[in-house]
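# this one's sequence-less:
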């Protein structure tokens with residue numbers, strides 16, 4: 001699966017984990033620049049749009 005946060009951004013490899021209340025945790029395979037709460041994110045499988053949502057938290061792991 002791939003996702004992107006910006007219109008001009010190339011889709012980036014990700015892993016999506018379902019959470020409660022119709023939420024998901026999205027983890028990009030590599031660090032992404034300037035991701036912020038309130039931005040939209042969209043998910044793709046190849047050229048097929050699977051869905052999207054609004055970012056509610058940007059959590060970095062160490």
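The structure has been received and is ready for your questions. Treat the numbers as computed from the prediction; the structure is a model and nothing was measured.

# partner residues bridging residue 49?
Under DSSP bridges, the beta-bridge partners of residue 49 are residue 44.

# quick one: the helices in the chain?
Counting by DSSP state H, the chain yields no residue ranges for helices.

# where does residue 61 land on pLDDT?
The per-residue pLDDT reported for residue 61 equals 52.

# actually residue 36, sorry about that
89.

# identify the residue spatially nearest to it, adjacent ones excluded.
residue 58 (6.0 Å; Cβ to Cβ, 6 or more residues apart in numbering). In this view, the C-beta of every residue, glycine as well, is placed from N, C-alpha and C.

# residue ranges with poor pLDDT in the protein?
Across the chain, the ranges flagged by pLDDT under 70 are 60-62.

# now with 80?
Of all residues in the chain, those with pLDDT under 80 make up the ranges 58-62.

# which parts of it are strands?
Under the criterion DSSP state E, strands of the chain are mapped to 2-4, 12-18, 24-28, 40-45, 48-54.

# winner for burial among those?
strand 2-4 (a mean of 19; mean count of other Cβ atoms under 10 Å).

# can you tell me the strand partners of it and which way each runs?
For strand 2-4, pairing defined by DSSP bridges yields strand 12-18 (antiparallel), strand 40-45 (antiparallel).

# reformat those as CSV; add distance to residue 2.
Shown next, in CSV, are those (distance: least, Cβ to Cβ, whole Å):
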stretch, distance to residue 2
strand 12-18, 6
strand 40-45, 5
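
# nearest to residue 53, out of these?
strand 40-45 (6.1 Å; Cβ to Cβ).

# what does the closest one rub up against?
With Cβ atoms under 8 Å, 6 or more residues apart in numbering as the test, strand 40-45 has contacts from 1-5, 11, 14, 16, 26, 49-55.
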